[in-house]
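[1] Sharing a model that was predicted from the sequence below.
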Amino acid sequence: MNVLVIGRGGREHAIVWALRKSPKVGRIYCAPGNAGIAQMAECVPIGEKAFDELGRFAREREIGLVVVGPEDPLLAGAVDYFSSIGIPVFGPTKAASEIEGSKSFAKGLMAKYGIPTAAYASFDDHGEALAYLRGRKAPVVVKADGLAAGKGVTVARTMEEAEAALKAAMLDRVFGDAGSRVVIEEFLEGQEMSVLSFVDGETVLPMVPAQDHKPVFDGDQGPNTGGMGTYSPVPHIPDAVVEKAVDTIIRPAARAMVKEGRPFRGVLFTGLMITPEGEPKVIEFNCRFGDPETQVVLPRLKTDLLDIMLATVEGRLADVRPEWSEEAAVCVVLASGGYPGPYKKGLLIRGLDRVEQSIVFHAGTVFSADGAMVTDGGRLLGVTATGRDLAEARAKAYADVEKIEYEGKHYRTDIGLKALKALDA
Ligand code: AMP
Ligand code: GLY
């Protein structure tokens, strides 16, 4: 079967890499892809939201499955479009993607169905939001309602910071329309964990959990990014807590979406805070594979990914039992100097040919006119290694990180250390 993957990041590279292993997959195309994906799939220069063009291409190349990676095209109706022209497509509809596209929709759903999450209020009016905020205490969390590339959330340590975040979103409109509505949320303390699940309406198949590192600097310092690295498993969070999250959060959320007339099919990403009492609570839902969670989850998947995706699309997940490797995986993200602020592009990347023990998932790379691989984004590469345990996977990934060179190279040196320290203690 020929497959078309839509997207251009590390997540899509990991999806292409996993699909490549399936004997049932024929040609793989990626629109638009990146310089790394081009080494294992045919990249086609069509934008993620150019649906008519994508549809024509899919017909021409006899695509049997379209896989939509990012939230943007999902929220723009990619799945509704491909369904309407009769091409099987993996991902939630536009209506179901609202679980990520509108934080107030997601919070309302959780309130209605008793799904544990931080207490919150949402506002369209800056004056009302400010009055409410002044009745709260720091730390407090201010979130733009809509999509803001992972940057719309401020965990404010002081009231000044919280008021500034509110002003930036609602008055200065730094996130555009995404910030015309805000959610003000109770600050949750604890350990974060991401659980991605295959969902086909009622059936939920959780994948192995992962932990992301959002802040740009070691020790969780500095502004939030799309994610600076991940690891899986998360050994210091007991299996019973993960099971509790599935039973009290993820399955109820899938059932709630069916009841609301927005059945979810695809990957539901649940960002959790595990409180010091061991209670899982929702930080956010996303309507897609996580990035860079996918880069450590899919390398542990032993079952054919195409089979699971087709079962999801066809509503047969109840018959699927995915198998996972016992190995650990660590992904270290190499970013451009300055990210998540302004950064240079077009800088030569050297040393990828010397990488020995890792898979390098590309996120922001392109080939320049003269065929050299150059930087083209904030997050550039996800150096991913597996090993008997996290310590081994970490050692391998960081050994390869050292070999890659470009001007302004930035990465965190502490990916996975939280788990190792917790295990020691
Ligand atoms: P989000 O985009 O909603 O995942 O938020 C980005 C990051 O902000 C999360 O990964 C958390 O680290 C943090 N965060 C979001 N909501 C809360 C909350 N209610 N309490 C504490 N931290 C939060
Ligand atoms: N790593 C967080 C996300 O994909 O949203």
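    Cool, the structure landed. Model, not experiment: these values are computed from the prediction. Ligands and ions are numbered 1, 2, ... in the order given.
[2] how about the residues of the chain near ligand 2?
    G150, D212, G227, N286, G290, D291, E293 (Cβ under 6 Å from any ligand atom). In this view, the C-beta of every residue, glycine as well, is placed from N, C-alpha and C.
[3] what about the protein, any weak spots by pLDDT?
    The model of the chain has pLDDT under 70 over residues 149-150.
[4] domains of it?
    2-91, 119-186, 191-319, 328-424 (automatic domain parsing).
[5] gap between the two ends of the shortest one?
    Think domain 119-186. Domain 119-186 has an end-to-end distance of 5 Å (criterion: Cα to Cα, to the nearest Å).
[6] Just the ones in strands from the residues of the chain next to ligand 2, please.
    D212, N286 (DSSP state E).
[7] Out of the residues of the chain next to ligand 2, which two sit at the greatest distance?
    Spatial extent of the residues of the chain next to ligand 2 (Cβ to Cβ) is set by the pair G150 and E293 at 12.5 Å.
[8] between those two, which one's more packed in?
    Neighbours were counted for G150 and for E293 using other Cβ atoms under 10 Å; E293 has more, 29 against 16.
[9] Now that one: closest residue in space that isn't a chain neighbour?
    Leaving aside its sequence neighbours, E293 sits nearest to A210 (Cβ to Cβ, 6 or more residues apart in numbering; 4.3 Å).
[10] My read is that that neighbour contacts F289, right?
    No. Using Cβ atoms under 8 Å, A210 makes no contact with F289, being 10.7 Å away.
[11] Spell out which parts of this structure neighbour ligand 1.
    Contacts of the chain with ligand 1, taken as Cβ under 6 Å from any ligand atom, map to 118, 141, 150, 153, 155, 185-188, 192, 214, 224, 271, 283-284.
[12] can you do 5 Å?
    Contact residues, the chain versus ligand 1 (Cβ under 5 Å from any ligand atom): A118, V141, V153, V155, E185, F187, L188, K214, G271, I283, E284.
[13] out of those residues, which one sits closest to A95?
    Checking these against A95 by Cβ to Cβ gives E284 as the nearest, at 18.3 Å.
[14] Can you name the helix or strand that the closest one falls in?
    Element membership for E284, per DSSP states H and E: strand 280-286.
[15] what packs against that strand?
    Strand 280-286 is packed against helix 94-101, helix 103-113, helix 239-245, strand 265-274, with contacts defined by 3 or more Cβ pairs under 8 Å, 6 or more residues apart in numbering; DSSP states H and E.
[16] and the angle from it to strand 265-274?
    140 degrees (axes from the mean of the first three to the mean of the last three Cα atoms, to 10 degrees).
[17] where does strand 280-286 sit relative to the chain's centre, distance-wise?
    Chain-centre distance of strand 280-286: 13 Å, with Cα atoms, centre = their mean, to the nearest Å.
[18] where's the residue nearest the centre of the chain relative to G69, distance?
    In the chain, the centroid-proximal residue (Cα atoms, centre = their mean) is G290; its distance is 1.9 Å. For G290, the distance to G69 equals 11 Å [Cβ to Cβ, to the nearest Å].
[19] Next, count neighbours for the residue of the stretch 1-150 of the chain found nearest ligand 1.
    Going by Cβ to the nearest ligand atom, ligand 1 is nearest to A118 of the stretch 1-150 of the chain, at 3.9 Å. Neighbour count for A118, taken as other Cβ under 10 Å: 18.
[20] residues contacting it?
    By Cβ atoms under 8 Å, 6 or more residues apart in numbering, A118 lies in contact with V141, E185, E186, F187, L188, M273, K281, V282, I283.
[21] Show me where the stretch 301-425 of the chain has its strands.
    Assigned by DSSP state E, counting those that start in this stretch, the stretch 301-425 of the chain shows strands spanning 328-335, 359-362, 365-367, 373-375, 379-387.
[22] And those strands: which comes nearest E60?
    Among the strands of the stretch 301-425 of the chain, strand 365-367 sits nearest to E60 (Cβ to Cβ), with 24.3 Å.
[23] which helices and strands does the closest one pack with?
    Taking 3+ Cβ pairs under 8 Å, 6+ apart as the contact cut, strand 365-367 packs with strand 373-375.
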